[in-house]
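Undergrad: have a look; sequence and predicted model below, questions after that.
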Amino acid sequence: MRILALITVIITGIILIYGTVDMPDWGDPNSPASKHVSPGYIEEALEKTATPNIVTAVLADYRSYDTLGETAVIFTAGIACILILRRRRRQRK
Amino acid sequence: MISITDDIIIRTVSRVLIPFIQVYALYVIMHGHHSPGGGFQGGVILGASFILYLITHGLEEAKERMSELKAGLLSTFGILLYSGIGLLCLIMGRNYLDYGGLSTLLKVIPAQARSLGILGIEIGVGIAVMGVMFSVFFDISTGGILPEDEEDLGVNR
Amino acid sequence: MFDFILSKYNYWIYVILMMIGFYAMIGKRNLIKKVIGMNIFQTAIILFFVSTAAKRGGTLPIIEHGHGHGAHAIQATAYINPLPHVLMLTAIVVMVSTLGVALAVLIAIYRRHNTLEEDEILRQQQK
Amino acid sequence: MYILHIASIPFLLVSFFFFLAATVGLLRFPDFFCRLHSTGKGDTLAVLLSLIGLSIYEGFSLTSLKIIFIAVFMFLAQPTSTHAISRAAMRCGLEPWVKKKEEIK
Amino acid sequence: MNIFLLFGMGLFSLVFLCLYRAVFGPGVLNRIAAISAIGTKTLVILLLMGFIYNRVEMFVDISMVYALLNFIGTITAAKYLEMKGEL
Amino acid sequence: MEITVLVQTTDKAFEILEKARDEARELLYSSAKLTSETKSLVEKKEARAIFSDARQKRLAIRNFIITTFVLFAFWILLSGRFDAFHLILGIICTLLVSYLSHDLLFANIRVGDIRIRARRFFAAAPWFLGQIFSANLHVAYLALSPKMPIDPQIIRFKTKLESDISWVALANSITLTPGTITMDIREGEFFVHALDRKVAYDLNTGEMEDKIAHVFMEADHIYIQDVLDVARIFGALK
Amino acid sequence: MISQSPVLVVVIPLIFSFLNLLFGWWKKGFCYPITLVALSLSFLASLHTLNTVITSGTIHYYLGGWNPPWGIEYVVDHLNAFVLVIVSFIALLVAIYSKKSVEKELPEKIVYLYCLFLLQVTGFLGIVVTGDMFNLYVFLEIASLAGYALIATGEDGAPFASFNYVIFGTIGACFYLLGVGYLYIVTGSLNIADLSQILPDLYNSKVVLVAFAFFLVGVSIKMALFPLHVWLPDAYTYAPSAVSALLAPLMTKVGAYVMIRIMFTVFKPYFSIELIPVTSILGWMAAGAILFGAILALAQTDLKRMLAYILVSEVGYITLGIGLANRNGLTGAILHILNDAFMMLALFLVVGAIMYRSGNREIPQLRYLHRKMPFTMAVFVIAALSVIGIPPTCGFFSKWYLILGAIDAGKWVFVAVLLVSSLLNVILFFRCIESAYLEPVAEHASGGSELVIAREESPLTMLIPILIAGAGIMSFGVLSGKIISTIIQFAIPIGF
Amino acid sequence: MIVAFDFILLLFVIICAIAAISVKDLLSAVYILGAYSFFMCLLWAEMGAVDVAFTEASVSAGIGTVLLIAAVSKTKRRSKD
């Protein structure tokens, strides 16, 4: 079992490393990731949302729906813990 | 069941530190615009301050300050605040979560309205995260069984 | 060759980390170890995403001098790509939530089976 | 401002010395309690010194005041955590290492 | 060569030494001690990074988080150990 | 020097007490009007209760205000923005936090000594810093010297300090200073792990304890309490 | 308000789940009606969305008012809207059904259970409706977390099954996220429409290849495709009956939807069919899943576990349709998403009802049930016939299209596999039907036996969804031509 | 990004990860995971992701370790592997 796990892990690792060969260099300013969408955020965020922290602007405005989902995720986790563990509700007076 | 520590040093130092941690957490929530941080981080720190109180002062005392029911209510309130702001934008005739729609309501320019909308949802996220963090820690550390129910349920854990 | 290594080593390290976590998730018998492996696995992915955002010569994605200064134009190359950071904030939240749920499930398992070793639980279930 | 930059260097060097001493102590001392001595105080003072050095480098601003405040919190928190661990170790029944009696005699 | 970079490298070498205790140290107590020592060094290194980036005011906040919150974990572990497995 | 400070303190204590008593007296009169029919014994009891209540409340409000100010100062330090919006946010946040935990920061403070305490603290701080520095040099010497001349031992002593905050100060400064860490406190008895025989000897002289007692006004504390008690009697006589 | 329906579909259950908690703390009785109201509103909104899509084409909805590559976009086309209606309708049915069974199985946790139920549905709907890769991940996690918790509340082995699900689910979700990252690093975009325009230039890149592989593996884990299905049987067996009735039809279908979306919208069909032979691999895996699921189902005596293995086999059908990669096969796959959802819903609901009445679910102990619960068992038979593929029921039509697709592709092995699996299903269900219907009554108790077996039909809130599901199976069979001509033929991705 | 720190931090992270999954005492494993989070936080701060580093710092120092210790305290501390 353990050897099987090891083999799976190694195969996955090799596939992943195979994928990295064609990637743009680490920290390359001309990589597609920093050319396509992100300049739009950097140049517009302050002007359109009056928020100097671009990460906050993107998090809470451009992609605010993701953040709603994120909050829902954490809320789900809280309710999940209550559902799984809590045995009895507190007696109300 | 978390008991109070009988060590006076830990209790006192945590007592002194907790208000500072809370102010710091609120600072992190409110200043997400200008420095790193935001609702989630501030909420976690705020939750951590209550967790610290729970660990050092025991369940009995901590319940007077923050009970699990209150935490649940707060988390629900926070996330309702978030989605409520979204719905408000919807009612104002824009798309969901388009804070530009708030500008007529708040009487500011759209960019400023967006900034205020961001602040609003950060507060919502902070409250929700604080409640959930406390509630999760509460459940995991007590096993979900409140001390007053222990005899009734007849469980050892 | 050396350049190649220098430009890629960050990605390779993330793969190694991820594999460590992955091995702990599927190879270890203790359930808390699996949870720890899960944590490592997820942080490795976050590391990968943050690596994609790095930009040589870029500074933090927080615009200096506060607001109200529209005078100087903002150069996109001067700031690090903010989008992966945003995504990873969400991913960290998901990580914490998963950790919480996994621990809750773990305690429920311990209540039923009184052990956390996978093989012992399987033995108990076969009876 | 240049003079401030120069002035901060000795602080950093001294703090590095204390960090080094603390770390060597952590590695070399024979038992847990003695190791706590080195981490509990060496690190605290070293952090204090390096933070003072950094705030001098920064000059007089709110940021440097914040850095000083970090040091204050460290001064509250670090001895407390040291004390908490040592207490836990004692309650666990960890016996402190004592020099052999024969050697003293 | 930047003085902060040098200082940071020195701290990293010390962290490496602490890591020996953290990984091999006999018993959990030694590990806790070593890791709290690592935590203090982490705090300083964060500030150093701030100076290297020339944006200290951003990094101070992270450092402050460690200063305020790092001892929660230690206290919890200490309580766990002294209460013999309860919290 | 000592005596003038003491007198000042006592005066201040009187002053505060007077104010509190005035407040209480008003309450007392109003309650006396209402319950003029009842027996004087009951009245006295109630009066005493009201008196202590008023004092308690006053203390609580005082704590609340002090906490708010301290926290607001901390907020200003953190925020670094002085426009109206952020200041109002700060006021709201600090009020919230003081509401949540005003009884935490100054849990059982005594009346009227915070300024003197602060002054004495700053007077004593260089001494402590010097001690900490020498402690570190000592540890560094022990750690770096090849022979490692350590001789650890546990010493225990009973402290004469009373309040919890001074215990904490003593324990933390013991932890920070010459080769010693506090291991445990059990009912006023300190268990200290010392790295060296000489250090243990130094600790037993009790210099540190005296300093702490001085800073936290432990030594004069009993005297002031006496004065206050006498003052109450005087006031009653008037 | 008309143009807002895509977001309302998702947001209404989300907000109502929080309200559910608030009102639930006040009074437990509110939860059930609130859940019903939320899901019916959501169903209405999804119907409206489908109607809009049919009449006026694809809907683009910009969340937050930001244009697509920057903001999050909802793209609702025929495929989306179709799955959306299925998901919301099935969720509504299960919610109606859940009242009695939840009250019996988990009386203390009604509030939290309904709250998580709504969150789960929110997650499914969010996955289906979104047009953004990362948003999909977030909603996937909502659905998964709610699923872990709901499964863990079940009977004896449930926490351990749930833990396995946590581990596998996390691996799946993380592989998906990794795929998103690999695509992001070479394209710089997260929007599906944007990606599908950028990617064709990069089809030779190794990064894209690896990303594609990881997408497939991640989604396969989530939808329990054959070699990666190990978490499924335990989890669905031990879960409470209402929960397994919600998860079993929907989780796998949503996974199948995501797979279709990734293979044929994010990547062009040209890539996933011709450039790399992934569809044929998928086809073989699917064939394995079909046979394996059916054979393992034969070995089970526990009815619910048997159904879980049948589910594995059904996932195989859908994947086979995807793997055939021609128009007929894909039509079959999409049609099977609908049919299989209803079949599985009916089967799991019936098993839940049986559990509710008799308390056990071993196949040998099903006897006399046709007298006790005639309507329930009738629906069971209908669903069984549909799984087998007997003409008037809907299961026949999707299988028919799958077989046509296999013939078109020239892969006769798959035709054989489909036929063999039908045979296996006949054996499988005949066992159950035999022990339920054909057990001789008079042997045991002479004379009064007819009176002993009193009629104990399942309660009305359970019976109605069961009957609706049964009716759905029949009517979809009859209406399948119309469904294909109005919706599915437009839902097939461009390029076929 | 500060390349000089990057090498060292990646090395530390790997050491911590291997140690965390191979230590038999679960409390130690949890603690080493805390150190792992420190280094991760440093790594992200070094790459300029201040917000992510902040989140990791608050999560690991405030919640993660404490939560895991609580879970260990409710279950067993020793593990077989």
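TA: That came through fine.
Undergrad: quick check: buried residues in the helix or strand hosting C:L89?
TA: Here C:L89, judged by DSSP states H and E, is contained in helix C:83-113. Residues C:83-111, C:113 are the ones in helix C:83-113 that count as buried (16 or more other CB atoms under 10 Å in any protein chain shown). The way it works is simple: take the backbone N, C-alpha and C, and place the C-beta from them, glycine included.
Undergrad: when you scan it, is anything in it near chain B?
TA: Yes - against chain B, helix C:83-113 shows contacts by CB under 8 Å from any CB of the partner chain at C:89, C:93, C:100, C:103-104, C:107, C:110-111.
Undergrad: show me the shaky parts of the chain.
TA: Using chain A. A:88-93 (pLDDT under 70).
Undergrad: my question was about chain E, not that one.
TA: E:1.
Undergrad: same deal with chain B?
TA: For chain B, the ranges with pLDDT under 70 are B:1, B:147-157.
Undergrad: up against chain H, what does it have?
TA: Going by CB under 8 Å from any CB, the residues of chain B near chain H are B:28, B:36-38, B:40-41, B:44-45, B:47-48, B:51, B:55, B:133, B:136-137, B:140-141, B:143, B:157.
Undergrad: try chain A
TA: Residues of chain A lying near chain H (CB under 8 Å from any CB): A:27, A:53, A:55-56.
Undergrad: and the next helix or strand past the helix holding C:L89?
TA: Next in line after helix C:83-113, if elements are assigned by DSSP H and E, sits helix C:118-126.
Undergrad: so stretch D:26-37, near chain B or not?
TA: No - for stretch D:26-37, no contact with chain B is found by CB under 8 Å from any CB; the gap never falls below 14.8 Å.
Undergrad: got the CA positions of that stretch in CSV?
TA: What follows is stretch D:26-37 as a C-alpha-only set of coordinates in CSV (Å, rounded to 0.1, in the frame of the first residue of the first chain):
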residue,chain,number,x,y,z
LEU,D,26,19.9,26.5,22.6
LEU,D,27,22.1,23.9,20.9
ARG,D,28,24.8,23.4,23.5
PHE,D,29,23.1,23.5,26.9
PRO,D,30,22.5,20.1,28.4
ASP,D,31,18.9,20.2,29.4
PHE,D,32,15.6,21.9,28.6
PHE,D,33,15.6,24.4,31.3
CYS,D,34,19.0,25.7,30.5
ARG,D,35,18.0,26.0,26.9
LEU,D,36,15.0,28.0,27.9
HIS,D,37,17.4,30.5,29.5
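Undergrad: chain center to it: distance?
TA: 13 Å (CA atoms, centre = their mean, to the nearest Å).
Undergrad: may I see the buried residues of that stretch?
TA: Neighbour counts over stretch D:26-37 (16+ other CB under 10 Å) mark D:26-29, D:31-37 as buried.
Undergrad: are any of the residues of chain B next to chain H buried, and if so which?
TA: By 16+ other CB under 10 Å, those give B:28, B:36-38, B:40-41, B:44-45, B:47-48, B:51, B:55, B:133, B:136-137, B:140-141, B:143 as buried.
Undergrad: hmm, back to that, show me the two of the buried residues of stretch D:26-37 that sit farthest apart.
TA: Distance extremes for these: the farthest pair is D:L27 and D:F33 at 15.2 Å, using CB to CB.
Undergrad: and the residue nearest the centre of chain D, what does it touch?
TA: What sits nearest the mean C-alpha location of chain D, by CA atoms, centre = their mean, is D:D43, with 1.6 Å. By CB atoms under 8 Å, 6 or more residues apart in numbering or on different chains, the residues touching D:D43 are D:18-19, D:22, D:78, E:37, E:40-41.
Undergrad: just want the most central residue of chain C.
TA: Most central in chain C (CA atoms, centre = their mean) works out to C:T43, at 1.8 Å.
Undergrad: quickly find the element holding it.
TA: Using DSSP H and E, the element containing C:T43 is helix C:31-53.
Undergrad: that helix vs chain H: in contact?
TA: Yes - residues of helix C:31-53 contacting chain H under CB under 8 Å from any CB: C:32-33, C:35-37, C:39-40, C:43, C:46-47, C:50-51, C:53.
Undergrad: okay, angle between that helix and helix C:83-113 too, please.
TA: If you take axes from the mean of the first three to the mean of the last three CA atoms, to 10 degrees, helix C:31-53 sits at 180 degrees to helix C:83-113.
Undergrad: what's the angle from helix C:31-53 to helix C:118-126?
TA: Counting by the same axes, to 10 degrees, helix C:31-53 lies at 130 degrees to helix C:118-126.
Undergrad: only alpha carbons, please: show helix C:31-53 as CSV.
TA: The C-alpha trace of helix C:31-53 is given here as CSV (Å, rounded to 0.1, in the frame of the first residue of the first chain):
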residue,chain,number,x,y,z
LEU,C,31,-5.6,10.5,10.4
ILE,C,32,-4.1,13.6,12.0
LYS,C,33,-1.0,13.0,9.8
LYS,C,34,-3.3,13.0,6.9
VAL,C,35,-4.7,16.3,7.9
ILE,C,36,-1.2,17.7,8.3
GLY,C,37,-0.4,16.4,4.9
MET,C,38,-3.5,18.1,3.5
ASN,C,39,-2.3,21.3,5.0
ILE,C,40,1.1,21.0,3.4
PHE,C,41,-0.5,20.0,0.1
GLN,C,42,-2.7,23.1,0.0
THR,C,43,0.1,25.5,1.0
ALA,C,44,2.2,24.1,-1.7
ILE,C,45,-0.4,25.0,-4.3
ILE,C,46,-0.7,28.4,-2.8
LEU,C,47,3.1,28.7,-3.1
PHE,C,48,2.8,27.9,-6.8
PHE,C,49,0.2,30.5,-7.3
VAL,C,50,2.2,33.2,-5.5
SER,C,51,5.2,32.2,-7.6
THR,C,52,3.3,32.9,-10.7
ALA,C,53,2.7,36.4,-9.5
